[in-house]
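**Student:** build the 3D model from these lines:
(chains A and B)
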Protein chains: 2
Amino acid sequence: MSRKFILAIDVGGTNLKAAVLDLRYAIKKKVILKTKQSCSKDGLIAAITACAKAIIDEAGLQKRDLLGLGIGLPGPVDAGKGIVHFLPNIPGWKEVKLAAILKKKLGLPVYLDNDVNLMTIAELTLGAARGFQNSLCLTLGTGVGGGIIIGGKFYRGADNAAGEIGHVPINENGPRCNCGGIACLEAYIGNERILQRARSVFRRRICLEELSLLARRKNLKACRIWLEAAERLGIALTSAVNLLNLDAIIIGGGVANAGSILFNEVKETIRRRAMKVHARHVKVFRAKLGNDAGLIGGAILVREAVAHGG
Amino acid sequence: MSRKFILAIDVGGTNLKAAVLDLRYAIKKKVILKTKQSCSKDGLIAAITACAKAIIDEAGLQKRDLLGLGIGLPGPVDAGKGIVHFLPNIPGWKEVKLAAILKKKLGLPVYLDNDVNLMTIAELTLGAARGFQNSLCLTLGTGVGGGIIIGGKFYRGADNAAGEIGHVPINENGPRCNCGGIACLEAYIGNERILQRARSVFRRRICLEELSLLARRKNLKACRIWLEAAERLGIALTSAVNLLNLDAIIIGGGVANAGSILFNEVKETIRRRAMKVHARHVKVFRAKLGNDAGLIGGAILVREAVAHGG
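**Tutor:** I've put the predicted structure just below:
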């Protein structure tokens, strides 16, 4: 019997998603598992293994039905060697040969990549970046991540580390960034920075959902916070647009829920600041695949690796 | 008899260079012609034609010895269609079908491109970018131009307009740039801006050569001007390095003559501000081909177009 399904897992800072997808990347079954932030390395590997086995069982599948497992991780990896360099928000991970470990435990081919890379690959294949030759996908969350598509293919750069739009400096001087840099975009518009700003403006604790809701209801203070964040995002994107003469920019992640106020100001900033030819050409879209992008990207990774004999 | 030579012309704001090169891109003969800045469109086309004919004669060649003419222009072009969109420093040029015009006048195949693109192609094929998969070549002059190499190939972007490192914003607010943008790198370190800065520091007129000489002699004021320019260049390059995870950066053009003070500070700024993996990987070199890069790039353009049946 031919292998007609793919297993995908998306490891986040607070939860673990697992899914079985068919060869057209439709999700047939999905489970979400809470993981403790402080989860140890071995604990997390055990959780991944258990989760994989459970969803195979639940879907009524056998190993022989599966092409393999694709797994996305929130940190820098060596996709070719299947090694996780480290996970910034999950302690105890350093140079973990995760693909080999899981292959042994599950008896399946295992491929891994960074979660933002998988989101980009998914949006390129099935989502908002489909059909564009040169584009940038970014996700706005705790961090600001990105992936680049050049000539219709995912572009990895020298160390599989390209696409770091969150670490484009937007000022000569400014706040210190977690990456060690200065005045990086992420140091202004990472979730925590936006919430800090909101707390100081509203003089109370406020969450992103409320801040987005207030903006949609035209609350002036909330609108101003989003406009400021969107303008800064637009400035970093101006760098990418002038450098790469992009066809499209795809924006996803929680902060993208702020909606039209964010998107309009990003577009307006690019129109105002990028070079005319570049600004006229580039289109800005919202990501299409939402929270499932990582799982879909994981499945694509497996299918393409198998197709290329990987 | 087989066609063993290539004609190349490099059109600048103040002069016209023409050369005959062999198929290994060695320059066999070269002439430089002063052109008036205010040269009309027809006048410049006549000068290009005359210059081409003169150098063919001087080299003792016939048309049948030549593969074609490659020509570099200081402005945006459509390389595929052979059209010059406009030339910022030479008035009267707008959507000129230069390749077709010269082909008719000279009876040779004609290919054209932007001068910075040709410099990048030359450095990639024969110069400092040779052997690197992903790199950025930039030239520091009146403007700050750039070209990008991705996967060992020259990357054009959607409208043949990629590589504009001079128009990466380095501040949210700052000086208005000639491109219409705000706080672009070029608005800080274009030749004129550096000279303005030097005039205000030294309280007299001073040229770039003297400013470079003073810095090499450790004049503190001159050093400070170059360090400031180099740091700003390093900040814009940090954007490119974090986005593209580059193997190499190649710096050419007149300002690069400031030498080690400039290069050391650029490297130090990237080391200090770019992400660790990215900063560790990227190498910064001086361009190798100097003022002949445009001519060599023009010859490469012709040879590759002919090889691909173009």
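
**Student:** so chain A: which segments form each domain?
**Tutor:** What the record gives for chain A is the domain set A:5-118+A:291-307, A:131-287, from automatic domain parsing.

**Student:** if you average pLDDT over each of the ones you listed, which is lowest?
**Tutor:** Of all those, mean pLDDT reaches its minimum on domain A:5-118+A:291-307 (a mean of 91).

**Student:** surely A:Leu136 is in contact with A:Gly252?
**Tutor:** No - the pair A:Leu136 and A:Gly252 fails to qualify as a contact (Cβ atoms under 8 Å) at a distance of 11.6 Å. C-beta: built from backbone N, CA, C; applies to glycine.

**Student:** not counting its neighbours along the chain, what's nearest A:Arg130?
**Tutor:** Using Cβ to Cβ, 6 or more residues apart in numbering or on different chains and skipping the chain neighbours, the partner closest in space to A:Arg130 is A:Leu124 (6.5 Å).

**Student:** report how many residues lie close to the one you found.
**Tutor:** For A:Leu124, the number of neighbouring residues by other Cβ atoms under 10 Å in any protein chain shown comes to 23.

**Student:** okay, it and A:Pro175: tell me how far apart.
**Tutor:** Separation of A:Leu124 from A:Pro175 (Cβ to Cβ, to the nearest Å): 32 Å.

**Student:** what does A:Arg224 give?
**Tutor:** 19 Å.

**Student:** also A:Asp10?
**Tutor:** In this view, A:Asp10 and A:Pro175 are 30 Å apart by Cβ to Cβ.

**Student:** and those two? Which one has more around it.
**Tutor:** For A:Asp10 versus A:Pro175, neighbours defined as other Cβ under 10 Å are more numerous around A:Asp10 (27 against 13).

**Student:** what strand or helix carries that one?
**Tutor:** A:Asp10 is located in strand A:5-11, with elements delineated by DSSP states H and E.

**Student:** any idea how far that strand is from the chain center?
**Tutor:** Its chain's average C-alpha position is 15 Å from that of strand A:5-11, according to Cα atoms, centre = their mean, to the nearest Å.

**Student:** strands paired with it, and their directions?
**Tutor:** Each strand paired with strand A:5-11, and its direction, by DSSP bridges: strand A:15-22 (antiparallel), strand A:66-73 (parallel).

**Student:** packed most tightly, which of those strands would that be?
**Tutor:** strand A:66-73 (a mean of 26; mean count of other Cβ atoms under 10 Å in any protein chain shown).

**Student:** got the contact list for that one?
**Tutor:** With contacts defined as Cβ atoms under 8 Å, 6 or more residues apart in numbering or on different chains, strand A:66-73 is touched by A:3, A:5-11, A:20, A:23, A:48, A:52, A:56, A:84, A:87, A:98-99, A:102, A:106, A:108-115, A:117-118, A:294-295, A:297-303, A:305-306.

**Student:** mind checking how far A:Lys104 is from chain B?
**Tutor:** 28 Å (Cβ to the nearest Cβ, to the nearest Å).

**Student:** confirm that that residue sits in a helix.
**Tutor:** Yes - A:Lys104: assigned to a helix according to DSSP: H, G, I helix; E, B strand; the rest coil.

**Student:** check the burial of it by counting its neighbours.
**Tutor:** 10.

**Student:** any idea how far B:Lys28 is from it?
**Tutor:** Distance from A:Lys104 to B:Lys28, by Cβ to Cβ: 64 Å.

**Student:** swap in A:Val96?
**Tutor:** Taking Cβ to Cβ, one finds A:Val96 at 59 Å from B:Lys28.

**Student:** so between the two, which is more surrounded?
**Tutor:** More neighbours surround A:Val96 than the other of A:Val96 and B:Lys28, with 20 against 14 (other Cβ under 10 Å).

**Student:** break down the stretch 51-200 of chain A into its strands, ranges please.
**Tutor:** Taking DSSP state E, counting those that start in this stretch as the test, the strands found in the stretch 51-200 of chain A are A:66-73, A:77-78, A:83-86, A:94-96, A:110-114, A:135-140, A:144-150, A:153-155.

**Student:** up against chain B, what does the stretch 51-200 of chain A have?
**Tutor:** A:76, A:133-134, A:146, A:148, A:150-151, A:155-165, A:167-172, A:179-182 (Cβ under 8 Å from any Cβ of the partner chain).

**Student:** rewinding a little: going through the contacts of strand A:66-73, which ones are buried?
**Tutor:** A:5-11, A:20, A:48, A:52, A:56, A:84, A:87, A:98-99, A:102, A:106, A:108-115, A:117-118, A:294-295, A:297-303, A:305 (16 or more other Cβ atoms under 10 Å in any protein chain shown).

**Student:** quick one, which of the domains of chain A gets closest to B:Gln196.
**Tutor:** domain A:131-287 (18.2 Å; Cβ to Cβ).
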